[in-house]
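In: when you get a sec, could you give me coordinates for this:
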Amino acid sequence: MSTPAFDPVARAFAPDAVGAAVRLRGWVLRSRSSGGILFVLLRDRTGSVQLTGKRDVLGDAAFDAAEHVQVEGTIAVEGTVAEDKRAPGGREVRATSIRVVHAGEPFPIFAEQTEEFRLDKRHLAIRAQDHVATFRVKAELLRAFREFLDREEVLETTPPVLTGNAAEGGSEAFQFDYFGRPGYLSQTAQLYLEAMLAPHERVYALTPSFRAEKSRTPRHLTEYLHLEVELAWCDLDGLLDFTERMVASVLHTVAERKPNELAQLGRPPAELLAIRPPFRRIEYAEAIERLRAQGFTVQWGSDLGTAEERALTLEEKAPIFVTHFPRELKAFYMLRSADDPKTVEAADLLAPEGYGEVVGASCRETDLGRLVERIREVGAPVEEYEWYLDLRRHGSVPHAGFGLGVERVLRWMLRREHIRDTTPFPRTPSRHTP
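Out: Got it, this is the predicted structure:
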């Protein structure tokens, strides 16, 4: 005769559960005993429930063993569901047996520790309930992106992470020895997506990207999850329309599917549901004037850093686009504006409430001569990009694309103070372990 299956903890809160026998297993969130009664808060992937066990029901040996289980120790329980308004959620399981699976050692994570210690023990700290909620929202966010792109008939592709050239040039690429030749960790999948564009027209990739910049801000990681999209036959207006539709769609999907987790983390779902396109669009020149009016010492050609983006968006309730940046501020592959050759057909999407850039978008330069000129201007060897230049020699079409930082979007959605809270094992200039 087979052993009965275990129930999920959520079973204890089903409408018909009161009086039903259940078999549960999971991790101990906390426990205490008083007057021969053991109180345990047990969790599994579906939730948490209070258990009570009496010594005279469980027996001395089982009671004593269960009483010594540490926080995050594991147990298996049989019992009956009962209503109790004093218990979390108004239900408890009155145990008839408790079996210790692993008593565990004293758990080293508690409230008074420093952030650095918690990062050293990240493999244990991620069991905290806020982390659990964060990564469930993140999983739903990734699902929502893929669902939207599938509806739009954008094909998912799998470009490499190891490359033979630094796609965006400069010193921000991680370089390593690749069997005696220079190799790089990918900064972007864009160039490979452009290659995939010709046979498929609409493509995307969701891959890790790496930036060797020593920025120590609340919004920078050296490894992050990068959603990149390339669309054939697309101009800047069409690209921004697509981007804002996508962002609004995924916000609404996550708000509808994970309202409890969002509320737990400090973001009322109604605020995300209220965000709808079109998003406001301002040109870079206007952004500079606004910043100067606020006392920033910026001028044409100044980059927009964390402080400037925060100032532009702190009072906003929805994202805004900043468009038409100076050519010198942007990557070599961006299309020169026809009506102003000093600018490129590019835009950054800035999240509201001061969270700053979450998307970088542009039309791609299709003129072979201008592209070669820009590669030389940034000091990159043209010969390393010959394969990319081939894309302009054989059936090039107007096209555009964007890159979105998943963790940046999540940080804004969940109102996290630091971007490291949006990834299980953050990589920063000072940390690549555990």
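In: please count neighbours and contacts with C-alpha atoms only from this point.
Out: OK.
In: which residue packs closest to the residue located most distally from the centre of the chain, ignoring adjacent ones?
Out: Going by CA atoms, centre = their mean, the residue of the chain most distant from its centre is residue 56, 49.2 Å out. Computed as CA to CA, 6 or more residues apart in numbering, the closest residue to residue 56 that is not its neighbour in sequence is residue 36, at 7.9 Å.
In: correct me, but the one you found touches residue 54?
Out: Yes. Counting by CA atoms under 8 Å, residue 36 touches residue 54, with 5.9 Å between them.
In: look at these two and report which has more neighbours.
Out: Taking neighbours as other CA atoms under 10 Å, residue 36 and residue 54 compare with residue 54 leading, 20 against 11.
In: apart from its chain neighbours, what residue comes closest to that one?
Out: In this structure, residue 54 finds its nearest non-sequential neighbour in residue 37, 4.6 Å apart by CA to CA, 6+ apart.
In: tell me how far the one you found lies from residue 124.
Out: 29 Å (CA to CA, to the nearest Å).
In: who has more neighbours out of those two?
Out: Remark: of residue 37 and residue 124, residue 37 carries more neighbours, 17 against 14, as counted by other CA under 10 Å.
In: pretty sure the more buried one is touching residue 57, no?
Out: No. Here residue 37 does not reach residue 57: they are 9.8 Å apart, not a contact under CA under 8 Å.
In: bridging residues for residue 185?
Out: Beta bridges link residue 185 to residue 162, judged by DSSP bridges.
In: so it sits right up against residue 178, yeah?
Out: No. Using CA under 8 Å, residue 185 is not in contact with residue 178; the gap is 10.8 Å.
In: so how far is residue 23 from the closest residue to residue 21 other than its chain neighbours?
Out: Spatial nearest neighbour of residue 21, chain neighbours left out: residue 80 (4.4 Å); criterion: CA to CA, 6+ apart. In this view, residue 80 and residue 23 are 9 Å apart by CA to CA.
In: repeat for residue 110
Out: 30 Å.
In: who's more crowded, those two?
Out: Neighbours of residue 110 and residue 23, each counted by other CA under 10 Å, are more numerous for residue 23; the result is 21 against 10.
In: any idea how far the lengthiest strand in the chain is from the chain center?
Out: Scanning the chain for the longest strand, with DSSP state E as the assignment, gives strand 21-34. In terms of CA atoms, centre = their mean, to the nearest Å, the gap separating the centre of strand 21-34 from the centre of its chain is 32 Å.
In: what does that strand contact?
Out: Contact with strand 21-34 is made by 5-9, 11-12, 38-44, 67, 69-81, as judged by CA atoms under 8 Å, 6 or more residues apart in numbering.
In: that strand: partners in the sheet, and parallel or antiparallel?
Out: Here strand 21-34 has these sheet partners by DSSP bridges: strand 37-44 (antiparallel), strand 74-83 (antiparallel).
In: then the longest one to CSV, C-alphas only?
Out: What follows is strand 74-83, C-alpha atoms only, in CSV (Å, rounded to 0.1, in the frame of the first residue of the first chain):
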residue,chain,number,x,y,z
THR,A,74,12.6,20.7,8.6
ILE,A,75,9.7,18.5,9.8
ALA,A,76,6.8,16.4,8.6
VAL,A,77,3.5,16.6,10.3
GLU,A,78,0.1,14.8,10.4
GLY,A,79,-2.9,16.5,11.9
THR,A,80,-6.3,18.0,11.6
VAL,A,81,-7.2,21.5,10.4
ALA,A,82,-9.1,23.7,12.9
GLU,A,83,-10.3,27.2,13.1
